[in-house]
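Visitor: 3D model of this:
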Amino acid sequence: MKFITFLTAVLLSVRVSAAEQAPAPSYLTEPPPKTAKLNEVIKFKPKEGYHFNLEAPQECGAGEAFEVSTSSLKCQFTAGGEQFVSLKICEDKETVCLFEDFKVLVEGPAAAGPAAGTGLSEEEPALPGFLLNMPEAALGQAKREHKLLLVDFFGKWCPFCRIMEDTVLTQPAFLEASRNMVRVSLDVDKPAAREWLTRFRPAGYPTYLVADAELREIGRSFGGGLESFNAWLKEQETWKAQPIADARAKAASLDEAGKLRVAQAYMDEKSWDKARELLAGLKTRTALYLDAVARIKGAEDKKDAGLPALYREMIGRFDGSDGTEAEGSVMDWIAALHNLEPAAEKLYLDDLEAYIGRLKTSKEAAREGYAGPDIFVGLAEAMDGAGLPEKARAFYIRAAGAYAELAEKAAPGAAKGLRMGQARYLSRVKLYDKAAAVYGDLVKKFPGEYAFHRSYAGLLSELKKYPEALREASLASDLSYGNIHLDIALMKAQIEMKQKNKAAALKTLDDAIASVELPADSKLGTHGSYRRLKEYRKEVEVSK
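Guide: Numbers count the residues shown, from 1 in each chain. Below you'll find the model as predicted:
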C-alpha cells in the first residue's frame, strides 16, 4: 500500500489525539504505556482488522520503530523525559488510515542510548590505551612495533573484570608499566574474541595474557592489586624472548626465576608433582611456599592420612606469626583442618584478626591477589568451606563494606565494578534488598548496560518482585548479545515460570534457541548456554 497524497488528507481528518479527545480510542491490542525505562524495548500490535502502514514513518520519541511488520513493531526509548510516539495504522480494508499518538514518560537522563533496532548495548569506548575487540589490529601493531601483546579477556557481567577496570587498568601506574605492550580488550561474548578464546583457552575471567607477535604465550594472570599486577607485567617483559612453551622444554637448565615461572605454570594446571620437581632445592621464601602449596594439593588429591599434621606444620610456617610475611593459602589450610579435626584449629580461628593484620602488610599475599576486600572474600569462602556460616557471613559483610568504601572514594563513573563487588557479597548473605538498592542505582546511572539490568532482575526475583524482575530481564535481553544473551533468556524464562506463565516461558526459550549460531569449537561457552536452554525447555514442557 502506498502512503499517497489523497490518504494524507484522510489521515489528518481522523488523527487520534489524546489532547483533543479524552479518552482517545486506541487501535492497539494493549493500551499504550504511560511510563518506560531508558532503553526499554516495547512491542506494539494493532487490533484485529488493522495493520501498521509500512510506507509511513513510525515515530518512537527520539528514534524510529524497528522490526516493523504489518502485525507488530518495536519502540526503544533512547532518551529520557516525555517522549512523543506516533504510530500509523490502517484498516485492513484500506478505506482509512489513522494516527495513534501518545506520550510516554521515560525514566532516565535525556541522553542518547543504543541505536534502536540493534538489540545491543551501545559499544562503550575502549579503556584508555586499549584496542577494543580488534585482535587482528592489535597483532598487526605488535608486529610493526616489535612489542608484546597484553590481552584482556573480560565479560561486562563479570564483577572481577570490572573491579580490575576500576582499580588497575585505568590507573596511570598501570599504563606506565605496560607502555611497551600493545593492549587489547576482548569481550568474550563478542564473535571477535572467538579465535583467541580457542587458541589460548582462558580458564576463567578475567584472564590477562601476554604473548609475542607470533601469538606465543609468555604468561597469564587472573589479576590482582595495582602494585602486584604491575610487577607481574614487568616479569613478562624480562621473558619476552622465551615463550612459556620454550621455558618448559628446558626447565631443568633455567635459573631460579625461570624455574619458579615454569613451576607456577604447572601448578595452574594442577600438575603438582612436576611443580615440586622443579622447586626441589630452591630455598627462597617464594619457592618454599609454592612447594608447600603443591605438596598439600597433592596430598589432598590422594586423601593422605597425614594431612592434619601437614596443615599444622604449614600454617605455622606461613601464617606470618614468626615475623615473616603471611601467605594467603593459610586461610584455606585452617578451614581444611577444621573439617578434619574441628578442635585442633580453634587456636588458629582465635588468631584470625591478627592474621588479617599480617596479610594487609604482606607483599607475598598481595602477589597472590590477597589485598583489600579480597582478604575478606578469601576468608569468607574459607569459612564457608569449613562449615562455619556465621564466621563466613561476617567476612562477606566486611568484604561488601570494603568495596563500598572504595567506591565512595572513586571518581564518578569509576566505581562500577566496585559497586558490583559490594552487591555480590551482600547477595551471598541474602541481603537481597540492600544488593538490589545498589543495582537499582546502577541501572539509573547507566541504563544502557545489560549487566546491571541482568543482576537487578535476579535480585528482584529473589525478592519475589516478579513483574519488576521480568521488566529488568527484558531490558537486559534487549541490550545483550552472545552467550550472555542466551543466559539472560534462560533467566527471563525462569521468572516467567515463577509467574506461572508457561506459554511465555516457552516462547522466550524457543526464540533464544532459534537465534543460536553454534561455533565450530564445541568448548566455547555458546554450546553450554545452548544446552542449558534445551534442558530447561524440556523441564518447562513437562511441567504443569
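Visitor: From now on I want contacts and neighbour counts done on CA atoms only, so please keep to that.
Guide: Will do.
Visitor: count of neighbours near residue 364?
Guide: Residue 364 has 19 neighbours, counted by other CA atoms under 10 Å.
Visitor: Let me see the ranges of the helices in the stretch 151-300 of the chain.
Guide: Here the stretch 151-300 of the chain has its helices, by DSSP state H, counting those that start in this stretch, at 159-164, 172-177, 194-200, 226-238, 244-249, 256-268, 272-279, 285-302.
Visitor: ugh, wrong one, I meant the stretch 401-544 of the chain
Guide: Counting by DSSP H, counting those that start in this stretch, the helices of the stretch 401-544 of the chain are 416-428, 432-445, 450-462, 466-479, 482-498, 502-515, 525-542.
Visitor: What's the mean pLDDT across the longest one?
Guide: What helix 525-542 shows for mean pLDDT is 96.
Visitor: try the fifth one
Guide: If you average the pLDDT over helix 482-498, you get 97.
Visitor: For it, which outside residues touch it?
Guide: For helix 482-498, contacts defined as CA atoms under 8 Å, 6 or more residues apart in numbering pick out 189-191, 454, 458, 461, 466, 469-470, 473-474, 476-477, 502, 504-506, 508-509, 512-513, 525-526, 529-530, 532-533, 536, 540.
Visitor: next one: the third one
Guide: Residues outside helix 450-462 that contact it (CA under 8 Å, 6+ apart): 121, 156-157, 432-433, 435-436, 439-440, 442-443, 447, 466, 468-473, 475-477, 479-480, 488, 491, 495.
Visitor: If you go by neighbour count, which of those are buried?
Guide: Among the contacts of helix 450-462, those buried by neighbour count (16 or more other CA atoms under 10 Å) are 121, 156-157, 432, 435-436, 439-440, 442-443, 447, 466, 469-473, 475-477, 479-480, 488, 491, 495.
Visitor: could you list every residue that touches residue 276?
Guide: Contact partners of residue 276, counting by CA under 8 Å, 6+ apart, are 263, 291, 294-295.
Visitor: Now a PyMOL select for only the buried ones of the contacts of helix 482-498.
Guide: What follows is the PyMOL syntax for the buried subset of the contacts of helix 482-498, where burial is set by 16+ other CA under 10 Å:
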select buried, resi 189+454+458+461+466+469+470+473+474+476+477+502+505+506+508+509+512+513+525+526+529+530+533+536+540
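Visitor: ok so, going back, just name the most buried of the helices of the stretch 151-300 of the chain.
Guide: helix 159-164 (a mean of 22; mean count of other CA atoms under 10 Å).
Visitor: Check which helices and strands that one is in contact with.
Guide: helix 416-428 (3 or more CA pairs under 8 Å, 6 or more residues apart in numbering; DSSP states H and E).
Visitor: Centre of the chain to the helix it packs on, how far?
Guide: Chain-centre distance of helix 416-428: 12 Å, with CA atoms, centre = their mean, to the nearest Å.
Visitor: what sits up against it?
Guide: 159-166, 396-397, 399-404, 406-407, 432, 434-436, 438-439, 442.
Visitor: Go again with 6 Å.
Guide: 159, 162-163, 396, 400, 403-404, 407, 435 (CA atoms under 6 Å, 6 or more residues apart in numbering).
Visitor: about what we covered before: let me have the helices of the stretch 151-300 of the chain in TSV, extended by mean pLDDT and distance to residue 347.
Guide: Formatted as TSV, the helices of the stretch 151-300 of the chain follow (pLDDT from 0 to 100; distance: least, CA to CA, whole Å):
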stretch	mean pLDDT	distance to residue 347
helix 159-164	96	33
helix 172-177	96	40
helix 194-200	96	44
helix 226-238	95	31
helix 244-249	96	41
helix 256-268	95	30
helix 272-279	97	29
helix 285-302	96	20
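Visitor: In CSV, list these along with distance to residue 415.
Guide: Shown next, in CSV, are the helices of the stretch 151-300 of the chain (distance: least, CA to CA, whole Å):
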stretch, distance to residue 415
helix 159-164, 8
helix 172-177, 16
helix 194-200, 28
helix 226-238, 15
helix 244-249, 35
helix 256-268, 30
helix 272-279, 38
helix 285-302, 33
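Visitor: out of those helices, nearest to residue 326?
Guide: For these, the distance to residue 326 is smallest for helix 285-302, at 10.4 Å, taking CA to CA.
Visitor: what packs against the closest one?
Guide: Judged by 3 or more CA pairs under 6 Å, 6 or more residues apart in numbering; DSSP states H and E, the packing partners of helix 285-302 are helix 272-279.
Visitor: Kindly recompute the last result at 8 Å.
Guide: helix 256-268, helix 272-279, helix 307-318.
Visitor: Please put the alpha-carbon coordinates of it into CSV.
Guide: This file holds the C-alpha atoms of helix 285-302, laid out as CSV (Å, rounded to 0.1, in the frame of the first residue of the first chain):
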residue,chain,number,x,y,z
ARG,A,285,60.6,-17.9,50.6
THR,A,286,58.6,-17.9,47.4
ALA,A,287,59.9,-21.3,46.3
LEU,A,288,59.4,-22.8,49.7
TYR,A,289,55.8,-21.5,49.8
LEU,A,290,55.0,-22.8,46.3
ASP,A,291,56.4,-26.2,47.3
ALA,A,292,54.2,-26.2,50.4
VAL,A,293,51.1,-25.4,48.3
ALA,A,294,51.9,-28.1,45.7
ARG,A,295,52.7,-30.6,48.5
ILE,A,296,49.4,-30.0,50.2
LYS,A,297,47.4,-30.1,47.0
GLY,A,298,49.0,-33.4,46.0
ALA,A,299,48.2,-34.9,49.5
GLU,A,300,44.6,-33.7,49.3
ASP,A,301,44.2,-35.3,45.9
LYS,A,302,45.5,-38.6,47.4
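Visitor: give the contact list for residue 208.
Guide: Residue 208 neighbours (CA under 8 Å, 6+ apart): 150-153, 220-223.
Visitor: State the distance from it to residue 226.
Guide: Distance check for residue 208 against residue 226: by CA to CA, to the nearest Å, it reads 13 Å.
Visitor: go on, residue 361?
Guide: From residue 361 to residue 226 the distance is 15 Å (CA to CA).
Visitor: Excluding residues flanking it in the chain, which one is nearest residue 263?
Guide: residue 275 (4.4 Å; CA to CA, 6 or more residues apart in numbering).
Visitor: Please look at that neighbour and residue 264 and confirm they touch.
Guide: Yes: with contacts counted by CA atoms under 8 Å, residue 275 reaches residue 264, the gap being 7.1 Å.
Visitor: Give me the below-cutoff pLDDT ranges for the stretch 351-500 of the chain.
Guide: Filtered on pLDDT under 70, the stretch 351-500 of the chain yields no residues whatsoever.
Visitor: correction: the stretch 1-150 of the chain
Guide: 1-24, 94-95, 108-124.
Visitor: Do a quick rundown of the strands in it.
Guide: Using DSSP state E, counting those that start in this stretch, the strands of the stretch 1-150 of the chain run over 35-37, 41-44, 50-52, 59-60, 63-64, 73-76, 81-91, 97-107, 130-132, 148-154.
Visitor: which of those strands sits most buried?
Guide: strand 148-154 (a mean of 26).
Visitor: Strand partners (parallel or antiparallel) of it?
Guide: Strand pairing for strand 148-154, determined by DSSP bridges: strand 181-187 (parallel), strand 207-211 (antiparallel).
Visitor: tilt between the longest one and helix 226-238?
Guide: Same thing as strand 181-187. 120 degrees (axes from the mean of the first three to the mean of the last three CA atoms, to 10 degrees).
Visitor: any idea how far residue 411 is from residue 156?
Guide: For residue 411, the distance to residue 156 - CA to CA - is 20 Å.
Visitor: now swap in residue 82 and tell me
Guide: Separation of residue 82 from residue 156 (CA to CA) stands at 30 Å.
Visitor: what do you get for residue 364?
Guide: From residue 364 to residue 156 the distance is 30 Å (CA to CA).
Visitor: got it, and residue 194?
Guide: Counting by CA to CA - residue 194 and residue 156 are separated by 16 Å.
Visitor: Equivalent analysis for residue 284, please.
Guide: 39 Å.
Visitor: and if you look at residue 288?
Guide: 38 Å.
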